[in-house]
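Asks: mind looking at a prediction? Sequence and model below.
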Amino acid sequence: TESGTAAAAAASSSSALGKRGAPGLNEYAKSLRPMVVLYAILDQLSADFTLNMDDERIDESSQRLVALIRSCIEAENIQDLIKKANITVDHDMLLKEFLRGIETL
């Protein structure tokens, strides 16, 4: 039937988070931005850290960290920031987890 086909198409074409009018990452960009930047900073520090870092390695690490922060500041939108932060989680999953965190407050 026509109504069954339309309902199946609607169900398969979008998730609850992806429907037109439903909140997306852009609507929460101001709240997400500090968390994404913090993730990027901690990820960079984790990648660079070793137990016996000498002054030269600390300097190199700090330069990479400053470059990353500048890159994050220059991000044009939340999607660009997520890309610069090397976050590979699906955007729908990221939004779902963010919204779940909001509910716990």
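Replies: Perfect, I can see it now.

Asks: where does the most centrally placed residue in the chain land in three-state SS?
Replies: The structure's the chain has its C-alpha centroid closest to I82; by C-alpha atoms, centre = their mean the separation is 4.0 Å. The three-state label given to I82 by DSSP: H, G, I helix; E, B strand; the rest coil is helix.

Asks: wouldn't it be in contact with L95 here?
Replies: No - I82 is beyond contact range of L95, at 10.8 Å (criterion: C-beta atoms under 8 Å). The way it works is simple: take the backbone N, C-alpha and C, and place the C-beta from them, glycine included.

Asks: who touches both of the two?
Replies: Common neighbours of I82 and L95 (criterion: C-beta atoms under 8 Å, 6 or more residues apart in numbering): L25.

Asks: quick one: contacts for the residue nearest to the centre of the chain?
Replies: By C-beta under 8 Å, 6+ apart, the neighbours of I82 are 25, 36, 91, 94.

Asks: which among the residues you listed gets closest to E103?
Replies: L94 (15.4 Å; C-beta to C-beta).

Asks: give me the element the closest one is part of.
Replies: Using DSSP states H and E, L94 falls within helix 91-103.

Asks: cool, thanks, talk later.
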